[in-house]
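>>> Let's see this in three dimensions:
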Amino acid sequence: MEVARALEWFPAPGKLNLFLHVLGRRPDGMHDLQTVFRLIDRSDRIGIRTRDDGEIRFSGAFGSENLCLQAARLLKDKTQSALGCDIALEKSLPVGGGLGGGSSDAATVLLVLNRFWQLHLSRGELMQLGLRLGADVPLFLFGRTALGEG
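Take a look at the predicted model:
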């Protein structure tokens, strides 16, 4: 019989764009941008515990569309880990408020599961994986003030 483990809680910080410059229009109609991202103290909270049965379960806003759940599934698919997890999300950052809450939540899940599942992926590998979830996810995996261009 498996003993239930408690969730461990981790902050998923928000970010501010200190400025945003539109550098021009690309041939595909999108704009090239330049910005500086700064992490802030306000954050969501992600609760995670491993599961030995390989299942991934999530409780929080947006159900199967949530980036936390998508991040866990993506990491499991990439690494073929036999482990699973329970994930709980407590939102503090406003949805759609430009603070990067969903991206930060996904990055936090990738970082924590990389450690909990003992995957030993490098930060660079996690950033490449995170890019598949959203353009801001690598910023939160990088974890400090950064210049963003593109």
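>>> how far away is the residue nearest to residue 103 when sequence neighbours are not counted from residue 14?
Counting by C-beta to C-beta, 6 or more residues apart in numbering, residue 103 lies nearest to residue 136, which is 3.7 Å off, once chain neighbours are set aside. Any C-beta I mention is one placed from the backbone N, CA and C, and that applies to glycine too. For residue 136, the distance to residue 14 (C-beta to C-beta, to the nearest Å) stands at 11 Å.
>>> what sits in contact with each of these two?
100, 104 (C-beta atoms under 8 Å, 6 or more residues apart in numbering).
>>> For the protein, give me the ranges with low pLDDT.
Residue ranges of the chain with pLDDT under 70: 1-4.
>>> In the lengthiest strand in it, which residues are buried?
Secondary structure of the chain per DSSP state E: the longest strand is strand 31-51. Applying a neighbour-count criterion of 16 or more other C-beta atoms under 10 Å, one finds 35, 37, 39, 43-50 buried in strand 31-51.
>>> Same check on stretch 102-110?
102-110.
>>> List the neighbours of that stretch that are in contact with it.
By C-beta under 8 Å, 6+ apart, stretch 102-110 touches 10-15, 43-44, 46, 48, 66-68, 70-72, 75, 87, 89, 93, 95, 126, 129-130, 133-141.
>>> Output that stretch as CSV, nothing but the C-alphas.
As requested, the backbone C-alpha atoms of stretch 102-110 are provided in CSV (Å, rounded to 0.1, in the frame of the first residue of the first chain):
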residue,chain,number,x,y,z
GLY,A,102,0.2,30.6,-17.0
SER,A,103,3.7,30.6,-18.5
SER,A,104,5.2,30.9,-15.0
ASP,A,105,3.0,28.1,-13.7
ALA,A,106,4.2,25.8,-16.6
ALA,A,107,7.8,26.7,-16.0
THR,A,108,7.5,25.9,-12.3
VAL,A,109,6.0,22.5,-13.1
LEU,A,110,8.8,21.7,-15.6
